[in-house]
Structure formats: C-alpha cells, structure tokens
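Q: Got a predicted structure here, sequence first:
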Number of protein chains: 6
Amino acid sequence: MQKVVVFGEVMLRLATEEHERFSQAEKLNVTYGGGETNVAISLNNFNIHTGLVTRLPDNDMGRACTNYIKQFGIDTKDIVYGGKRLGLYYLETGAVHRGSKVVYDREDSSFATLQRGMIDWETVFEGVDLFHWSGLSAALSADTTSVLEEAITVAHHKGITISCDINLRENLWNYGKTPNDVMPSLVSMCDIVFGNEYDAEHAMGIEVDDSIRGKFTNDSFIQSSQLVMKTYPKIKKIITTRRGNINASNNTLRGLVFDGSGLIETPTYSITHIVDRVGGGDAFTAGILYGLLMWPEDCNRILNFGIAASCLKHTVKGDSNQVTIEEVEEVMNKMQK
Amino acid sequence: MQKVVVFGEVMLRLATEEHERFSQAEKLNVTYGGGETNVAISLNNFNIHTGLVTRLPDNDMGRACTNYIKQFGIDTKDIVYGGKRLGLYYLETGAVHRGSKVVYDREDSSFATLQRGMIDWETVFEGVDLFHWSGLSAALSADTTSVLEEAITVAHHKGITISCDINLRENLWNYGKTPNDVMPSLVSMCDIVFGNEYDAEHAMGIEVDDSIRGKFTNDSFIQSSQLVMKTYPKIKKIITTRRGNINASNNTLRGLVFDGSGLIETPTYSITHIVDRVGGGDAFTAGILYGLLMWPEDCNRILNFGIAASCLKHTVKGDSNQVTIEEVEEVMNKMQK
Amino acid sequence: MQKVVVFGEVMLRLATEEHERFSQAEKLNVTYGGGETNVAISLNNFNIHTGLVTRLPDNDMGRACTNYIKQFGIDTKDIVYGGKRLGLYYLETGAVHRGSKVVYDREDSSFATLQRGMIDWETVFEGVDLFHWSGLSAALSADTTSVLEEAITVAHHKGITISCDINLRENLWNYGKTPNDVMPSLVSMCDIVFGNEYDAEHAMGIEVDDSIRGKFTNDSFIQSSQLVMKTYPKIKKIITTRRGNINASNNTLRGLVFDGSGLIETPTYSITHIVDRVGGGDAFTAGILYGLLMWPEDCNRILNFGIAASCLKHTVKGDSNQVTIEEVEEVMNKMQK
Amino acid sequence: MQKVVVFGEVMLRLATEEHERFSQAEKLNVTYGGGETNVAISLNNFNIHTGLVTRLPDNDMGRACTNYIKQFGIDTKDIVYGGKRLGLYYLETGAVHRGSKVVYDREDSSFATLQRGMIDWETVFEGVDLFHWSGLSAALSADTTSVLEEAITVAHHKGITISCDINLRENLWNYGKTPNDVMPSLVSMCDIVFGNEYDAEHAMGIEVDDSIRGKFTNDSFIQSSQLVMKTYPKIKKIITTRRGNINASNNTLRGLVFDGSGLIETPTYSITHIVDRVGGGDAFTAGILYGLLMWPEDCNRILNFGIAASCLKHTVKGDSNQVTIEEVEEVMNKMQK
Amino acid sequence: MQKVVVFGEVMLRLATEEHERFSQAEKLNVTYGGGETNVAISLNNFNIHTGLVTRLPDNDMGRACTNYIKQFGIDTKDIVYGGKRLGLYYLETGAVHRGSKVVYDREDSSFATLQRGMIDWETVFEGVDLFHWSGLSAALSADTTSVLEEAITVAHHKGITISCDINLRENLWNYGKTPNDVMPSLVSMCDIVFGNEYDAEHAMGIEVDDSIRGKFTNDSFIQSSQLVMKTYPKIKKIITTRRGNINASNNTLRGLVFDGSGLIETPTYSITHIVDRVGGGDAFTAGILYGLLMWPEDCNRILNFGIAASCLKHTVKGDSNQVTIEEVEEVMNKMQK
Amino acid sequence: MQKVVVFGEVMLRLATEEHERFSQAEKLNVTYGGGETNVAISLNNFNIHTGLVTRLPDNDMGRACTNYIKQFGIDTKDIVYGGKRLGLYYLETGAVHRGSKVVYDREDSSFATLQRGMIDWETVFEGVDLFHWSGLSAALSADTTSVLEEAITVAHHKGITISCDINLRENLWNYGKTPNDVMPSLVSMCDIVFGNEYDAEHAMGIEVDDSIRGKFTNDSFIQSSQLVMKTYPKIKKIITTRRGNINASNNTLRGLVFDGSGLIETPTYSITHIVDRVGGGDAFTAGILYGLLMWPEDCNRILNFGIAASCLKHTVKGDSNQVTIEEVEEVMNKMQK
C-alpha cells in the first residue's frame, strides 16, 4: 500500500451559514482545513494512507483540530504541538453576483512560527512514496520556508516523488520575500507541479514571452510549460485547471496536463449550482495524485479523475472533498459518454 | 364527497441537511413518508378524504408517525399496530454531479411482517370510491403480497376503482419472487396503472418487441400500452412520466396517458433549482387521481394537473407534496399560456 | 455630509427557513423591515447618514425592533412610541414554479394609527437634504395619509429634495380611498418619482393612451413619463425597473430613467440563483438615491449603481441590502466590460 | 367513548429559544396553543375524543394552525374560518430571578371578532358529554362573551356537564366590562369550576370576608368555596392549585378540591428544573377533567392525576402537555410511595 | 504503552433536542455509541491506545460510524463489515419527573448477526494488555454469545486481563436464554467484574440470601461479592456504583469496590443539573480501567477516579465521556478537600 | 443626561452551544464583548448614554463588531480602525462539576497594538461625566498601558469621575511587567475602584497583613480597603463581590462596598440554574456605576442594584446584560421582602 505525506497549515474555518454576510451571522460553522490538509483528507477517502505534518497549539482548539482530521483517517503521529495560536479564517459564501469572501487571521499561528529542527524529517519520510507541499507554506514566513527546504531536501535525497502546488496568493506574502526569491530552489527538486503560465512567471522565475502573457490558451500553457521543464529538468508533469466564472453560483472547469511531449485536456465540466467552492483546487490536486499513484501511465484517466473529483467537491460543504473513488468514476463515466 | 383509501408502508425518513453527506451529519431531519402515504397526504391537501391502511409498531416511534400523518388530515382509523420496528430510510440530498442517495433500513418492519387477516378489509372499504396501492408492497415480502391480494380482491368485488403504481425498484425484491411472478394477478383487477414500457415488460409480463425495448419514445409507450390493455382488459388508463435528468439540481418532466384510443401528453416542464426530488412521482400520482375523481373525462386537464403538481413537489422539502389545488392550477395556467 | 430622512412602517418579518411552507415551519427567522426602512438601511451602508421616522409600540417587541435597526446606524431619535401593536408579515420563500408568499398582519399597527401632530416635522427636517416616502404609507389609513401630507408640506417648504416610491399594492388600500384619490396632491410636491406606466395611470391620475396601456416598452415609458412631467412640473426624474420573471429562482432585471429629455437604460442583468428577492426594489431605490446625492449629473452611473445594488440584494437574506459601495461598483464594472 | 368539546382561542405562539431575550432572538419557535386548546390536546393524548370550537382566519396561517392541532387528534370539524388575523403571543422563557415574559398581540383576531350565530351549537353538542370553557373568552370582547352565553345555554339545556376555568387575567379585560359584570351568569350554569378565593371575589361576585382575603390557606379556600356553592347551587366541585414560586426555574405545586362536603389535597410536588411552565395550569385542568370522566367518585385519584399531569407539563416544551395516561400514573405512584 | 481491546456493538444514537418528546422532534441529533464503545472512547481520551472489535454494515451508515469513532483515536483496524443494518436507538432526554426514554431498534443488526470465525482473535489480541466486554453482547443472540466465548477463551489463554461489565438489561434477552444460562462460563474467565448484588444473583448464578436480597447496603454488597469470589476464583475485584435518583435532572452517585479483603467506597457525589446521563456507567467503567492500568495497587484512587469521571460524563452530551485525565483529577481533588 | 465613556477591547466571542465541548462543536455562537464593552452595553440598557473607545481592524470582522455593539446604542464615533486582527476568545459553557473554559486568542489584536496618540482624548472626553477602564487593558501590552495613562491623565485633568475595575487575570500579563509595576500610578487618579483584598495586594501595591491574607471576610475587606484609601486618597469607594461557587450551575453572590467610613453589604443571592456566567462581574460594575450616577448618596441602594443586575446577567446568554432598570428593581424588591 502506497503512503503519502503532506506538509502544511491546518486552520479553523469559520463559515457563515446559508449565504449570510459576516455581520448577519449569529452562528459560524466549524470545520478545519487548509490546502494541503484537504489533499490529505481526499487521499484518505481514496484509501491512500496519508499523513499530515503540521504544528498546532497545545490547547483545546489544537486538540479539537486533531480530532477533526483523525475522523478521515489522516495519520496524525507527526504533528508537533506548540506556539501560540491556531490560524483561522472566516468564510462568507457568496451567490450569483456576490463572490465568496475570505478574511484570514493566520499570522503568528503555531504553524507560521514553526522552526527548523522541530520535525524529524528522516523519521517522517520512512516508507513514504510521495511528498506533497504547496507555495502557501513558503508564503507565510521565512521560518516555514526554511522548514520546507529541510523537508524537500530530505525527501529528495530519499528518492521520494515530490509534488508541489504553486498556489500563489500574493496577499499572503508579507515577510519581505517574493515568490520568485524562494520558490525556484524548492521547485527544482520536484517531480510534479500544479501551476499555470502566471505561476511560471511569478513563482518559478520563467521569463514568459509577451505574446503569451495573460493569454491562458492551450498554446500559452504548452509554451510556458516547455520553458519550465527546460529550467527544471526534474519536473515530469505540469498540471492546471481552467475555471470559467459565469457567476458565484455557476462555474465551468477543465483540466490540462503537459507531460513534456504534449498536452492532454479534459472536456469542460459545468457546475451549475455550487454548494461550496472552497477546496475545489485541492480536490483536483488530490484526484491527480491518486491517479498518478494508481495509473501512472494513463494521463487522460488521471486528468479526468482529477476534474471529476473537483466537480464533486463543489457539491460538498466544508474545505475537503468527501467522496469515494466510485463516486468520482461515476461522474467521469457520465461525462465521457 | 369522494373517499379514497391507500395501502402501503410509512417509514421514518432521516435526511441530512443542506446537501451534507451522511458522514457529515450532526443532525438528521425527521419526516415520515412512503410512496402511498405521500399520495394520501397530497389527496388530503386537495380536500379528498383519504385514509391510510398500514401497520406500525406499538411504540413511541409508531405513535409519533401516526401523529405526523394526522396533521395532514389522513384518516388513521384503520392503521393496525404491532410488529417489531418502524421501517426507515436515510436520505442524502445531492447537487449537480452528485446524485441523491438513499440507504434503506426497512426489513422486518411492522409493515413488512403484516399478515393476512390482520386488517378487516370489508370495513376498510365501506363507502370508498377509489383504492390505491403500489408495487412497493409486493416487493417487501410474501406476506405483504398476500395482504395485497386480500385487499384488491375485496375492493374488486365491491366495485371500487383500483389504481396501481407499478413503482418497480428491483433492489427491494429480496424474498425470492420476481415482479412478474406476483404482479400480473394483482394488476389484472386494476382500472388505472402508473407504469411505462419497462414496467410492462418486467412487472406485467408483457413481451415487448425488441424494436421498442429501451426506447422510451411516444411510439414505444403507445405500443406497449396497447399490449398491456390487451392482456389486462380491465385497465382503462396507463400513465407515466418522462424525466430528463440534466443534473441532480435540474430536471425536466412531462407526462403521458394512454387511454386505449390514443396518447395525450403535456409540454415539457423545466425544474431548474430542485429543493427535494423525493416523492415527485407520488405527487404526480396524487395529481392524476385527483383529476380522475374531479374531471374524469378531461384527460388533458388531468395530466397537466398531475405534472404541475409534481413540479411543485420538487420545491417542497420532505416526501409529500404540500400544495393546494389553487397553487397547482396556477402553475398549469402559466405553462399553458 | 448629506443627510436623509425616510418615513414609513417597520414590520417584524417572520420568514420560514430553507423554502419551507408555512405549515412546515417549526421556526421562523426574525428580521425587521419595510420598504422605506430598507432604503434607510441601504443608505447607511453607503455611509449616508439616514434617519427613520416611524411609530412603534412601547413594548419589548417595539424595543427589539429599534435595536435591530440601530445596528445599521439608522438614526432612531425621531421614532415615536405608542399604539397597540407591531405590524408584521409572514414570508415563505418559493422556488422555481412556486412563488414566494407573503401574509400581512399589519392592520391597527402602531404606525397605521399614527396621528397628525405626533411628530415634530420641523425638528425632524433640520439640516436634512433629502426626504423619501412611499405610497405604502398612503395605503394604510386616512391617518397615515394625513401625516404624510403634513410631512411633505413641511419638507417642501424647507426646500428639501423629496423622493417618492409609488409602490402601488392595491390589496393594502382598504380604508375607502383609491390611490388616485390621495396620491396626486402628495406627488405634486416631489422631485423624484419611482414608478412606471401603470403607476402613472393608477396613482398619479394620468390618462394613458390605449395604445400604450399594458405595453411596458421603452416607448410606453417615455410617453407616460412625459405626461407625468406635464402634470407634475416639479418632478425631475421618473425611474423604474423591468423585471423578467423566468421563475421564482431566476429573474432578469434592468433599469430605466426618464429625465425630461430622454431615456437612459441599463443592460439586462441576470440573477440566476435568487437567495431572497424581498426588498430588491428598495435596494434599487436606495442605490438611485445614493447616486443622486453623489453624482447628480451622471444619470447613467446612477442607474447602473441602482441596478447593481438591486442585483446584490437578491443574494442577501432579509429585507435589506447588506452591501458596501465598493461591492456595488465591482458588479457595475464587471457588467460594463 | 366519552366526548368533550372545548371552546376558546388558538394563538400562534412565538417563543425565543434557550432563554434568549426578545431582542436577542434571530429565530422564534412556532407552536399554536391557548388555554382551552391545551386542555383539548391533553385530553386527546389521554384518548378522550375532544373537539375544539374556535375561529381562525381563512389564510395560510389559519390553515397551518389547523394542521398543527390535528396532529394531536383534535376534532376540527366545528372550526369556523373568517376574520382578519390569527391572534398571537410572543414568549420569552425566563430563568432563576428573571421571570418568563409574554407579549400578547391578539386584539381583533378572528376569534375575538366571532359573532353570535356563526356557530351551530346544536350540532356541535350532539353526543357530547362535557363542555369546557374559560374566562379568557369572556375577557376578549362583548362578542365572544355573547357567543359564550349562546354556547353555555345550549349545553345547559342539553344536560351536558359544563366545566369552567375562571382563568382571570385582568390585563386582558379591555372592552369596558369587569369579570364580575359578566362571569356570574355564565358560571351559574356550570358544574365544575377551576378557581380560588381571589377568583371567587373578583369573577364570581362573592363577598369574601376580610379575615380570609389574600390568605390562600386551606381554611380560606374552604370558606370561599362554601360561599360560592351557596350562590351557585349547580356547582359540584371547586378546584385549584397552589404554586410556590421559588424562582423561575424551580416551583412547587399542590392541588385542592372542595366538593361541598370537605377539602381534598395532594402532597406538594417539587419541580426543580422547569423546561416550560406555560400551560401548566391547562395540563392540570385536563388531568382533572380526565379523572372526572374516568373515576368520578374518586376525588383523591382525580386530584393527584391532575397534579402529576401538571408536573409533567413543566418538562415539556410548548403550550400543551405531551404525555400519556401511563406516564402520569407513574409520577402519581412514585409520589405516593 | 498499554493496549486495550473492547468488543461490542456500536449503534447510531438518534436523540431529540432540548428535552423534546419523540413526537415533537423535527430533528434528531446524531452520534454513535454503545456501552463498550463508550469505554473505548474514554480510554483513548485518557491516552490509552484502545481498539474496538465490532461488525458494521458495508454501507454509508457503517462508514459514517467508523469515521465518527476514529476521531477519538479508536483503533478501527479490527472492525469487520457485513450484515444488513446498523443497530440504532432513539433517545428522548427527560427532566425532573419525566425520565429519559430509549426505544431500541437493534435486532438483526450487523453486530447481532456476527458469526464465530469472522474475527481473527489471535491477531486482535497481539500485544494487548486488557480485554473488556459486557453482558450486552451475550444478550443479543446465540451468535454473539458464541463469538464472546471464542474471544474470551483466546484472551484467557494469552494471559490477558479480562474485564466484564455485567450490564444486565433483561428486556434485551429475547433469544431463549437467560443470563444465568450463559454468563457464568464467560464470567469464570474474568479478572474484574462490574456488577452488584442483583447481577450476582441473576447473571452469575449466585444464590443470594433472602436477608440481603433487594437491600443494596454496603453489607449486602460485601456478602454477595464474597459469594461471587468463592464461585469464580479468578475474579480479583468486583466494582459497582450506587445511584440516588432524586429526579431525572438531579442524581447522586458513589462507588464501591470489593477486592476480596474488604470494601472501599467513595463519598457521595451530587450531580444537580444533569446534561446527559446516558453512558454515565460506561464512563465509570473506563475510569476504573484507567486506574487499574495506572495505579493497580491504589484502590481508593482508582475508585475515586472512576466516580469523578462518571460525574463529568453527566455534563457532556452524547454517549461517551469527553474529558481529560486532568479534568477528572480536578474533580477528585475538589471532592476530597 | 449623564454621559459615560469606557475604554477597552471588544473581542469576538465564539461559544459552543448547549454545554458542548470544543471538540464537539459543529457551530459556534457569535457575539462580541469584553469587560468594558459589557459595562457600556449595560449602561446603555439603563438609558445612560455611553460611548466605547477601542480599536478594531479595518475589515469585515471589525465592521461586524461595530454593527453588533451599535444595536445596543453604544456611541461608536470614537472607535479607531487599523491593526491586523480582531481579538477573540473561545468559550465552552460548563455544568455542575465541569467548569466553563475560555481559550484566549487576543495577542497582537488591533487593540493590543494601539499606540499613544491614536486617540484624541480631549475630544473624547468633551461633556463626559464618568470614565471607566479596567486592569485588562494594562495587562495586554506596554502600548495599551501607555494609552491608558494618556486617557486617565486627560480625564483626571478634566475633573471627570474615574472608575477602575482592577480585574486581575494574571495569565494575561505577558509583556514583562507585573500589575504592581504599572497599576498603582493609574489607580491613584481614580475615584472608584472595583477590587478585593487580593487585588489590593497584587495590583495596588498594598502590603496586606498576614492575618488577613487569603481570608476574604468582611473584616479583611475593611482592613485592606482602609489601607488602599490611605495610599490612594482620591479613591472614594471600594467595591467587590463575594461569589460562592457551589458548582458550575449553581452560585451565590453578595456585594460589599467600603466608602471610607464603614462597610455596606447585600444579602446573599442564590443563582441556582446559571444560563451564562460570563460577564456577571461586568453587569455588577455597570449596575454600581448606574447607581452612583442616579443616587450617589444611597450606597445601600447602589449596591443592591448592582447585585440584582449581576444576578439577572447569569440568566442571559452572551457577554452583556440585556435587562432594564425595571427588571433589576423587581429583583431587588423581591429580595428585600
């Protein structure tokens, strides 16, 4: 049985109910999530044994968070406890012309103040097949970036497949570095990268030609991905989604993979009555990672599995995808008829 | 004032809230329903005095169920009490690509263990104009099938109009008989049948020509219905719906009646933001029965009333349709402009 | 800083949850609102200091109502207390083929029994730039109509801009007068009127030509508005919306202004997944009034701001619009691309 | 099987949740009740066929109310529909030092505007054994008092046992009459009266001796009851409770009956963690009436059944008592050990 | 680190909210529990690695149950899947004079139809220090009793400490055997028994002297325990609680241990405002087992820890105790001052 | 009309429902509060115009907080916006043996990072009669302490009455100072102090005699208060409560004032069924301040008003007391009978 480890922050998510605005909320729904955690939960739901490495405060809220993620089967043995507070974010779910809103409150969280040496990566990576991380951890602080280097280096030396979701959110980068300052050396050790033309330019230091900047066509993705692979020869696959934002209740979605030789793409899926869009990207990532572990040679199947998983996520409340392999395959099969 | 009796199982329905998955549910919404009960509630909402014959456990849950259905005016005087348990089902409401899910837990229920002789059908049918039953009762056990025979025979001898909803759910037939083993003799005493080409073949023993099998066109319905009427001369009308399943939140619906001479059909109604699809068929059945009692000669009006009633059901939470005659007619009238 | 005063009834709104029908409701959601109050709340959300003049019962429910509206910054110093009861209405939110339903219970409310002389209008209007009222207050009783006359006369003499939303709801006019009996003299002192061809004929005493009656085209609006302005020379702008009612969950909306010289109109906005339609018109009115105060010369901007504000309201639960200027402008800008 | 009819107003009860104050309530719990309705529901729960005569508005709220009470088996065939509105009351449940609060909004309700001749009392009373009414109906309006006279006179002539709960709430008497103006002639036709020394003086016109006024001892009850029986020779039993109000969460309760010859009393029951006190008196009344129908000769058993029923009501949310005969007897038996 | 295994049924618990009666419930709260599972959850909360051996249906409800218990850290690797249904029970929480009510619906559950050979006990018991079971499993069916024999025999041969909670509920014994038919041979292999004088007589075949039957004094417990130990020489400790049932909201509790030489008892703890009494006994059992593993020689500390843990359970909603070692010790310490 | 200003932090309060533990919470109830804010809300409920000076983040959560407190009439004109985050705390309401739990997450909040010069105290204090602050603000950071100095100095020079609640929570003092380092100079400018013997020793630098340390008798309070007044001659009254903690659901409370000449005390109030204890002390403070403004000479009335107000707070959910003057007086009067 294959084993995956992810590294990243888990936050308390406080969401208003039924499209209420923040100032209307008398109650907030409690779940716990974060980009990498969402991937870990999805993978466990696909029966891939996946552990989470993170840091939580040693208080009741930290323990409540651990209990929450244990229900999905996440291996929590490598979580370290300490620091001052649980990072959190407030979510207001939009509709139609009103987009969803997120207010982050994650500075100085236990995770953001994690230090090099706190995690015994040698032990963490024993028997592990795949390690997944994201650019979110590099955005938070110099400390978390340093811990990322530590982790990726160990994983690289152990020959573990490394997956990176660029996940570029510029408003989180507040500690004096830009993505292009720190991401390239981290990405250079990775095998699989989730990112598009914009990410290539802004987080992988690729000089994109003016003719394709801001285009987001199949061609622009191929061109930028070729440049990425030239710069980062270890990368085997570059993967991304294209989202059509008809309105906050109605989106379209399709997936693209460039594997060095050519482009593979899915049909466009329509998601007409969105229940909860948060984590849609993480559900895609998890679907792709599952596919890579199961059918490494079948890029088309991998990609369609990822997009179908992401579509299903939009119908599930909370950050993480609560679906089975069979449910994803049913959506894939219907779409491909 | 006309009087109707229906016979069938009432179950506890435990539904997750707001599209939650079963494993996310901290609360389950409680209602009580079942195909025939839903018909009875609808008819009472249309001011047709309708009684329910069923069996419930003699405990707090059985009594809670009786109270629940009494609020709609159902005559509960012929309910018998006994047996071990209240049948129940769990419901998870889907959205978009994720279909709704039902987990049944109804084996060995008080209804499924009902015995011949427990109900005094002669008394039940006094002054009754119409008796409605469904194939669900024949699916549960040899015992309930035997009670059905008892009931239908008495109703037939008393000259009561008998209506049957074939309602074929193969996963419920677990006691060693197939629908074609037991349904034909029951159906042969009926005047009105709700069913399509598939039901004709699998529950009424009709040999359908290969050229129409699996077609579900107007022609195939006419052909199969003609064969049914040849085999079952007492049947006056065969009625069905065609549902277009765009996705779990968006369906289309239209109705068909074959009355021996020709086909009547409604326009296609679009139901774009489904609130609760369960019981949509029962709402149709109730609408048709209401129409048959009110305007027996006006098949077009009957059929459109049934489809409009069913459309409205999709906007109402719970198993049963909570609408008035006026509300149904308003939808009919808008549609026919 | 500009200052606005509105006059009208605030009611308790008791709404069923999640599309439940009245008879299914075990709980009712509590908010407080009314056409003019909704305008006042919106304006405060746009940072326009707006006071409400109304009458509430001197009991716990009256005080709860005052607290509720204070949270939005409404100036409540001119509210008077007395009378027997808080007016209220019950709301059931529809979906698709089932329209929303309102049951009013507002007769003999503290507001409807307000008497001339109870409010010191001279003090109320000190330093005020704009006074907004609606035809709802004229519909309730001869007393409220008399108070309206008192208010409008004082405002007129003080040279305050007066805005009137005709808001014609014939089922509320039960005290023996028709709109055409009392509205014309009130409207004659107004500068801005929200109303369409139908309102012109039925509440402003305009004889509309048979060729345009019931038409609701751009031409019919221009013609009827020209007639209105001829009759009421003080009126500077006549404003209305056109709503396309695809179904109860899906509407379209556009706005029209006639300013004496020509017609200005917005594109058609589509609102595909309505959360709460109540107060959509009031949100439009508030948007327009905000625009008139900010950019009095830019009719196009005013009108698009109003329609965008109204679109957003359809995504917000409750009677009143809970959005900021920035959010409205974001919708406007997207639409105009 | 014995048959009871009660007459009185059913109101919508809007209660805050979990001890919230009115101004804190974002939701209000919906039930329907009223003194006499509560008695009717209790009696049906004790398997006594009981009908309610009342008047409700012919709108969705009136129908929701009828559905609500039908669930308990109340015979609703004699309800008449019309008038303007459903009476209602707001309830805030107190705790410890903070008493519960009720805000009534029942003026001009459909019931309060009921007219003589609207109800066919001859038909209503066919086959009826006991008629129960209360002083609440006499408090509302001259009209309802007149209807009461009509009803009591018919019941009296038919030889039906008549029970009256004085239920004196002075703040409801606003139509220009005092209880002593109208109650005596109504009470003179009754067989059973629920009332104490205060009621005797203020609603039955009895001149109570200064030595006992305001005493509420066993002696004072005997003395005042003797005077009542002298004045109203038809009365067979006078029944009351004594409540000790330790605080809003903790009460004591005991019962007294004077049957002309002597006093019977129960032990003092302690109710330490009150869930919902509203309707505690009605539950007592229903228990007594049940006892009178079942064991007319056993005053001790009747009285203890009434008090035990009332104790149980304090543990049940809503206006009405939701308990069975067996549950009441279990409490009685425990208490008497 | 010590390791514990428990064996028993996990059921879906459907509880009404806020003291509602079953017939009032519009929602039911969902948790999962059962006597032995509750013990396992408590032990995990005390940081004792505890696994559960049970059988669940292979459907969505079975998986939801597994997820639920995983959150507490229960080792679920030895759960087997199959059978028809998840056992369940309905709970209505009482107050004051109204006791809580349970309606079981657990017949033919996946657990009750578990067969000998389905569980590989040799593997289950590897490295295990303590095995805990209860009389509930012997009550359900001959099959589960046979599986118990299988388990206890293996544990006995491996020298694992065996703990048994007699947990005698006579209404569950419906398969033709009495407790005294099957329990003695099972109990004879146990080291620790939770049970009192009644259990000794009815489930351990002890002939209790008439002088102590029904007494429940310290003396009667000592005498009966001495007889038990004579009959079952392997038993080292007999443990029980004495509950004083002032009313459904207010209980007292104390604990007793007989260890062969003498009686140890705790002070009487008062629990004045019970939140949820279900599982109070299981919390005691878990506290005792924790104490036995930690301080095997300190019977007084063990017993007080057990009673303090049980007291805390009465303040926690759900079947299982959600408290830490520190919280239990704080209560112990306060009590012993 | 008298005017009060308070200064302090408002936090988001996230409370579990119905005694749930943190790890059980699927929803958290949202209110906003803080010691000084609670005082301000209470005073507004007593019709004293009270403003709050604080700092909130300039984001949706900051604005939601402002809206929340505006509903109670708090003057919010002097709130400043900026900084990173809204301070918050998690609350779990205990019962019986399980105490309530608070987890603070308020470090680096917008308030804690407030700087000298950000608030224009001269303007704030225009027309103000009383200024209230608490030791909580001195506990948070050197910055807030410095702002306190700034505020108190201005208020002192303006001759405003200054009230200080020592409110000593040692676990909040984490910036390197002890209360005795910074509180004395602040307290020296105050007129009214809320504090007991412990506070005198640990926050006012008083050397308490060993004979009274830890005593908390009337004598010890008198002795320590005399020492305080000797050291701080401006102080006119020292006020405190004595709480008896029977268990988490049941407390007793009484109040003490030392006014330089002698001790005044209230009877002991019993609070048997606590709904929400948080803010009980703030409700007392507000009651006292109200009394001081109304009846400055009647210490007995002031003190009983304060204790009665505090008792009522224990029955109200949320941080702040939602009661009227009349309700407080009713409790006072009952108690004094």
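A: Perfect, thanks for sending it.

Q: Please give the number of neighbouring residues around A:Ala203.
A: Using other C-beta atoms under 10 Å in any protein chain shown, the number of residues around A:Ala203 comes to 28. Where you see a C-beta, it was placed from the backbone N, CA and C, and this is true even at glycine.

Q: so it sits right up against A:Gly135, yeah?
A: Yes - applying C-beta atoms under 8 Å, one finds A:Ala203 in contact with A:Gly135, separated by 6.1 Å.

Q: Could you name every residue contacting both of the two?
A: Shared contacts of A:Ala203 and A:Gly135 (C-beta atoms under 8 Å, 6 or more residues apart in numbering or on different chains): A:Ile166, A:Leu168, A:Pro179, A:Met183.

Q: Pick out whichever of those sits closest to chain C.
A: A:Leu168 (21.9 Å; C-beta to the nearest C-beta).

Q: does the closest one count as helix, strand or coil?
A: coil (DSSP: H, G, I helix; E, B strand; the rest coil).

Q: Find me the pLDDT at it, would you?
A: The predicted structure scores A:Leu168 at 95 on the pLDDT scale.

Q: quick one, phi/psi of it?
A: For A:Leu168, the backbone dihedrals are phi -80, psi 110 (criterion: degrees, to the nearest 10).

Q: what residues does the stretch 101-250 of chain A put near chain B?
A: Contact residues, the stretch 101-250 of chain A versus chain B (C-beta under 8 Å from any C-beta of the partner chain): none.

Q: Quick one: residues contacting the residue in the stretch 101-250 of chain A that chain D sits nearest to.
A: Nearest residue of the stretch 101-250 of chain A to chain D: A:Lys101, at 20.8 Å (C-beta to the nearest C-beta). A:Lys101 sits next to A:Phe22, A:Leu91, A:Glu92, A:Gly94, F:Asp60 when contact means C-beta under 8 Å, 6+ apart.

Q: quick check, nearest of those to chain D?
A: Distances from chain D to the contacts of A:Lys101, taken by C-beta to the nearest C-beta, are shortest for A:Phe22, at 14.7 Å.

Q: Okay, that closest one and chain E: tell me how far apart.
A: Relative to chain E, A:Phe22 is positioned 26 Å away (C-beta to the nearest C-beta, to the nearest Å).

Q: do the same with A:Glu170
A: A:Glu170 sits 36 Å away from chain E, going by C-beta to the nearest C-beta.

Q: got the contact list for that residue?
A: Shown in contact with A:Glu170 (C-beta under 8 Å, 6+ apart): A:Pro179, A:His202.

Q: any idea how far A:Thr178 is from it?
A: 9 Å (C-beta to C-beta, to the nearest Å).

Q: Also A:Ala308?
A: A:Ala308 is 35 Å from A:Thr178, by C-beta to C-beta.

Q: Name the residue in the two with the higher neighbour count.
A: Using other C-beta under 10 Å, the more surrounded residue of A:Ala308 and A:Thr178 is A:Ala308, with 29 against 12.

Q: I'd like to know which elements the helix or strand containing that one is packed against.
A: Using DSSP states H and E, A:Ala308 sits in helix A:299-313. Judged by 3 or more C-beta pairs under 8 Å, 6 or more residues apart in numbering or on different chains; DSSP states H and E, helix A:299-313 is in contact with strand A:237-247, strand A:250-258, strand A:263-265, strand A:269-271, helix A:280-294, helix A:325-336.

Q: Measure how that helix sits relative to strand A:250-258, angle-wise.
A: Here helix A:299-313 runs at an angle of 160 degrees relative to strand A:250-258 (axes from the mean of the first three to the mean of the last three C-alpha atoms, to 10 degrees).

Q: for the record, mean pLDDT for helix A:299-313?
A: Helix A:299-313 carries an average pLDDT of 97.

Q: List the buried residues for it?
A: Within helix A:299-313, the residues scored as buried using 16 or more other C-beta atoms under 10 Å in any protein chain shown are A:299, A:302-313.

Q: which residues of chain A fall in helices?
A: Under the criterion DSSP state H, chain A carries helices at the ranges A:35-45, A:60-70, A:121-124, A:135-140, A:142-157, A:179-187, A:197-203, A:218-231, A:280-294, A:299-313, A:325-336.

Q: With adjacent residues omitted, what lies nearest to A:Gly99?
A: Leaving aside its chain neighbours, A:Gly99 sits nearest to A:Ala248 (5.1 Å; criterion: C-beta to C-beta, 6 or more residues apart in numbering or on different chains).

Q: now that neighbour: how far from E:Ala95?
A: Taking C-beta to C-beta, one finds A:Ala248 at 45 Å from E:Ala95.

Q: More neighbours: which of those two?
A: A count of neighbours by other C-beta under 10 Å puts E:Ala95 above the other of A:Ala248 and E:Ala95, at 24 against 20.

Q: isn't A:Gln2 right up against A:Ile48?
A: Yes - judged on C-beta under 8 Å, A:Gln2 makes contact with A:Ile48 at a distance of 6.1 Å.

Q: Could you check which of these two is surrounded by more residues?
A: A:Ile48 (22 against 16).

Q: correct me, but the more buried one touches A:Val4?
A: Yes - assessed by C-beta under 8 Å, A:Ile48 is found in contact with A:Val4 at 5.6 Å.

Q: Quick check: which ranges of the stretch 51-200 of chain A have low pLDDT?
A: Confidence mapping of the stretch 51-200 of chain A against pLDDT under 70 gives zero matching residues.

Q: Can you pull the residues of it lying near chain F?
A: A:59-61, A:63-64, A:67-68, A:84-86, A:90, A:92, A:101, A:103, A:105, A:107-108.

Q: Buried among the residues you listed? Make that a PyMOL selection.
A: With 16+ other C-beta under 10 Å as the criterion, this PyMOL line picks the buried residues out of those:
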select buried, chain A and resi 59+60+61+63+64+67+68+85+86+90+92+101+103+105+107+108
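
Q: what does chain A put close to chain E?
A: Neighbours of chain E within chain A, by C-beta under 8 Å from any C-beta: A:Asn67, A:Tyr68, A:Lys70, A:Gln71, A:Phe72, A:Gly73.

Q: Thanks a lot, catch you later.
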